[in-house]
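A.B. asks: Have a look at this fold, sequence not included:
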């Protein structure tokens, strides 16, 4: 018996455009029929080509590191994007918490006592809290330290760095999509579940990305280029504490070290989604479908961001090379 009906997606046009989501729905059907727990890391990885997307991201990082100015440009765009994903998590937590009686424990008869919205919101808020501080310094502040170090590595002037701060319109559009997809609408169960799926994708891919950039910089290019520069760079004082520039990456994930906050945040949102499956009247299959739609929405936005940043960076590096040749 087919559990998911693809015609139940928002529209036939969207379904036709999203072959990946259609394939994910088929895999989710099989998972539920086999008695698998509704949500897990394996579930999302199986439903979407997460490993293949990670391979592409690694290629982008490998290209970016070949040129100091290109590396700065790439990470200026990347940290700009990440600042939005970090900032909007609290909106989702707030939207869930404000949705009173929308997520209720069916084993509790008293309506007021059965409300579990804050329980779900607390799982999401863990990520927002971590982004807001890291023993004193917000993650955005750590990102700024890393970007400053990359600018020093590229020997960029203040004026040159400020030129890169003028982000292109396409990046603003993507960041607007992040804010819209992440926020959720209070009182709208479908919107909130999709946004939780969106959040799950953000945390899962965040774990993959930071692990890969650590691999590319500190292992694949050990003692050369930017890694050699990093090893000579002292820690800086921020918010009353001292931080090494690479701390921004390592607090999120590392290639061969302990798991970072991204992995923890992902597990928290997976827990929240499994709670949703118990606290909503819809079938687990329907809830899984809504979450998958949100997951795919983030995945598409992020993959578009990486592809555009890579293209922009490589075009800039090529133009820079032409100018240097003209001066010879």
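C.D. replies: Nice, I can see it. The structure displayed is predicted, hence computed values, not measured ones. Residues are numbered from 1 along each chain as shown.

A.B. asks: Compute the number of surrounding residues for residue 130.
C.D. replies: Residue 130 has 21 neighbours, counted by other Cβ atoms under 10 Å. Where C-beta positions appear, they are placed from N, C-alpha and C, glycine not excepted.

A.B. asks: what do you get for residue 165?
C.D. replies: Residues near residue 165, counting by other Cβ under 10 Å: 8.

A.B. asks: Please apply the same query to the one 4 residues further on.
C.D. replies: Using other Cβ under 10 Å, residue 169 has 7 neighbouring residues.

A.B. asks: Quick one: residues contacting it.
C.D. replies: Neighbour list for residue 169: empty [criterion: Cβ atoms under 8 Å, 6 or more residues apart in numbering].

A.B. asks: Let me see the ranges of the strands in the stretch 101-250 of the chain.
C.D. replies: Using DSSP state E, counting those that start in this stretch, the strands found in the stretch 101-250 of the chain span residues 236-238, 241-243.

A.B. asks: Now do the lengthiest helix in the chain: which elements does it pack against?
C.D. replies: In the chain, with assignment by DSSP state H, the single longest helix is helix 284-327. Contacts defined by 3 or more Cβ pairs under 8 Å, 6 or more residues apart in numbering; DSSP states H and E place helix 284-327 against helix 19-33, helix 41-47, helix 50-64, helix 68-87, helix 169-183, helix 189-214, helix 261-279.

A.B. asks: on that earlier part again, want to throw the strands of the stretch 101-250 of the chain into TSV with mean pLDDT?
C.D. replies: Below are these laid out as TSV (pLDDT from 0 to 100):
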stretch	mean pLDDT
strand 236-238	88
strand 241-243	87
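
A.B. asks: coming back round to it: in terms of mean pLDDT, which of the helices and strands packed on helix 284-327 ranks lowest?
C.D. replies: Within those, confidence is poorest for helix 19-33, with a mean of 70 (mean pLDDT).

A.B. asks: ranking the helices and strands packed on helix 284-327 by burial, who's on top?
C.D. replies: Stretch with highest mean neighbour count among those: helix 189-214 (a mean of 24; mean count of other Cβ atoms under 10 Å).

A.B. asks: Who are the contact partners of residue 243?
C.D. replies: So residue 243 contacts 137, 142, 145, 235-237 (Cβ under 8 Å, 6+ apart).

A.B. asks: quick one on the thing from earlier: relative to residue 59, which of the strands of the stretch 101-250 of the chain is closest?
C.D. replies: Residue 59 lies closest to strand 241-243 among those, at 29.2 Å (Cβ to Cβ).

A.B. asks: quick one: strands adjacent to that closest one?
C.D. replies: For strand 241-243, the paired strands and their directions (DSSP bridges) are strand 236-238 (antiparallel).

A.B. asks: In the strand it pairs with, which residues are buried?
C.D. replies: 236, 238 (16 or more other Cβ atoms under 10 Å).

A.B. asks: Make CSV from the strands of the stretch 101-250 of the chain and add distance to residue 43 to it.
C.D. replies: As requested, the strands of the stretch 101-250 of the chain are exported to CSV (distance: least, Cβ to Cβ, whole Å):
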stretch, distance to residue 43
strand 236-238, 38
strand 241-243, 35
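
A.B. asks: nearest to residue 91, of the ones you listed?
C.D. replies: Of all these, it is strand 236-238 that lies closest to residue 91, at 25.7 Å by Cβ to Cβ.

A.B. asks: what about that closest one, distance to the chain center?
C.D. replies: Offset of strand 236-238 from its chain centre (Cα atoms, centre = their mean, to the nearest Å): 26 Å.

A.B. asks: Can you say which of the strands of the stretch 101-250 of the chain is nearest to residue 22?
C.D. replies: strand 241-243 (44.9 Å).

A.B. asks: With residue 61 as the reference, measure out to residue 83.
C.D. replies: Using Cβ to Cβ, to the nearest Å, residue 83 is found at 19 Å from residue 61.

A.B. asks: doesn't residue 64 make contact with residue 75?
C.D. replies: Yes: if you go by Cβ atoms under 8 Å, residue 75 and residue 64 touch, sitting 7.5 Å apart.

A.B. asks: who touches both of the two?
C.D. replies: By Cβ under 8 Å, 6+ apart, no residue touches both residue 75 and residue 64.

A.B. asks: and stretch 100-110, how far from the chain's centre?
C.D. replies: Mean C-alpha position of stretch 100-110 versus that of the full chain (Cα atoms, centre = their mean) differs by 31 Å.

A.B. asks: Residues in contact with it: which ones?
C.D. replies: So stretch 100-110 is in contact with 96, 111, 114-117, 119-120, 187, 189, 192, 275-276, 278-280, going by Cβ under 8 Å, 6+ apart.

A.B. asks: same thing but at 6 Å, please
C.D. replies: Contacts with stretch 100-110, where a contact means Cβ atoms under 6 Å, 6 or more residues apart in numbering, come from 114-117, 120, 189, 279.

A.B. asks: Of all pairs in those, which one is the farthest apart?
C.D. replies: For these, and using Cβ to Cβ, no pair is farther apart than 114 and 189, which are 15.2 Å apart.
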